[in-house]
Every structure is written in structure tokens, then in C-alpha cells.
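# Fold the following and give me the result.
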Amino acid sequence: MTIKITGEKVKNREERKPPESILFRYIPGKSSTSSMQNFMSWRMEKLGTGKIENKMPSDEREVKTFHDKELNLYIEMAAIDDIIMHCSLMAEKGLEALGFLVGNLYRWKKKGYEVVHETVTGELESTAVSVKFRRDAFENLFDKLDEIEYDYVLIGWYHSHPGYTSFMSSIDMETQRRMFNREFHVSIVVDPINLELKTFRVSNEKCIEIPYAVFGEK
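Predicted coordinates:
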């Protein structure tokens, strides 16, 4: 069973100032890898997941990736923690994780931006190098989406690369093209073993690594 987002009706962006309580910001090609690793380590320590030693080899290869410097993706800390926890727990079993990013679209001073407020996931068919939702997971998945009280937008998806770094493969690119092909859709790729979390968009058939900021209470 395939979920396709192409028919989703996108509402008008609400005028709102971007979040100011920024706890972490990552700019591709500018921010250091150590800053990202320190952030991941901090959150994993807070969540009690600890260091994960499993390292799974993979034949997946990174597609050619370009960098964008304009920040227009904000992720609530609670959502980041859910993603890190899910990816970490699956990595401890030697498995990939997968879920949806739920949030809203905003604009400020004629520029659009996206906010991820929370995540939704379901039962998975997962290995160390592949993941998809189980066929019987979709009813429960949609029930979870129906429980969201605000008029949400699917901002994109997240998945993990346990032990083989955060990047977009050709398979990931195809998933993005088929299922999340709006200009605002994003992909978050997490490696909880190497302590990496990167964000991507696909634009004009190109893979673009984009900046992100995490906001909320410490």
C-alpha cells in the first residue's frame, strides 16, 4: 500500500513571526559536525538512550547533494526528541526507523517557512538498510493523524541510517519524489550511532541539504 501526498490540499500560510527560542541551529557547509554531534549527544543523554555501538554496513550511496543557506525549517524540540528516541530504539535492534512529520506552514515578511510540531509513526517492516510501513499499520496511522486537534499539514517524513551517516540515497530520492513532492516537503535523516541529523528537500530533481533550527524549552 502506498501513501501519495500529491492530492493534499495546501491551506494558505498563516502570517507569524518565526520561533525565537532557538536551542540549536545547523547550517550545511557552515556549522561544524561536532556541534551537531554535541546536540545529538545532549538529547540522547536527556532521553536516557545512551551510546549505541551497533554499526551496520550498507551498500546505499549518497546522491549528489547541494547546500542551501536560507533557514526556513523549524522543528519543535518535542518532535526532535520523538525522532531521536524512535531512531535510537530501532538502532539498538539493528533496524531503521520511519515516520511522518506533522506541522504547519507560515510566512513572515513575504517569506515562507515550515514548522514541525510533532511526529506520527506506526508498525514497520524494517531491516538495517530498509524500512516501510506494514500493510496493516495504515488504519492505526491514520487514526493517529485524525487525533491531531489542529488543522495540520504533512511537512514530510523522517527515517534513520543506523551507523552509515545521514544522507539521501537514490531510493530516498525516489520516495521523496513519489510521496512528498510539494516544494515545502522535507526529509529528515538521522544516524543515532554517528550522532547525525540532517534535513533535505528535492528541488528540480536535485537533492538539497537545507538548514534547520530546533526551538522550545530546554
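# Not including adjacent chain positions, what is the nearest residue to the one residue sitting closest to the centre of the chain?
Nearest residue to the geometric centre of the chain (C-alpha atoms, centre = their mean): residue 188, 2.5 Å. Nearest residue to residue 188 in three dimensions, chain neighbours excluded: residue 158, at 3.9 Å (C-beta to C-beta, 6 or more residues apart in numbering). The way it works is simple: take the backbone N, C-alpha and C, and place the C-beta from them, glycine included.
# same for the host helix or strand of that neighbour, what does it pack against?
Assigned by DSSP states H and E, residue 158 falls within strand 153-160. Applying 3 or more C-beta pairs under 8 Å, 6 or more residues apart in numbering; DSSP states H and E, one finds that strand 153-160 contacts helix 77-92, strand 98-108, strand 111-120, helix 170-179, strand 186-191.
# That one - which strands sit beside it in the sheet, and in what orientation?
Using DSSP bridges, the strands paired with strand 153-160 are strand 98-108 (antiparallel), strand 186-191 (parallel).
# which residues does the residue nearest to the centre of the chain contact?
Contact analysis of residue 188 by C-beta atoms under 8 Å, 6 or more residues apart in numbering lists 75, 83, 101, 156, 157, 158, 159, 197, 198, 199, 200.
# Adding neighbour count, write those residues out as a markdown table.
Formatted as a markdown table, the contacts of residue 188 follow (neighbours: other C-beta atoms under 10 Å):
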| residue | neighbour count |
| --- | --- |
| 75 | 28 |
| 83 | 25 |
| 101 | 27 |
| 156 | 25 |
| 157 | 23 |
| 158 | 28 |
| 159 | 23 |
| 197 | 26 |
| 198 | 21 |
| 199 | 23 |
| 200 | 25 |
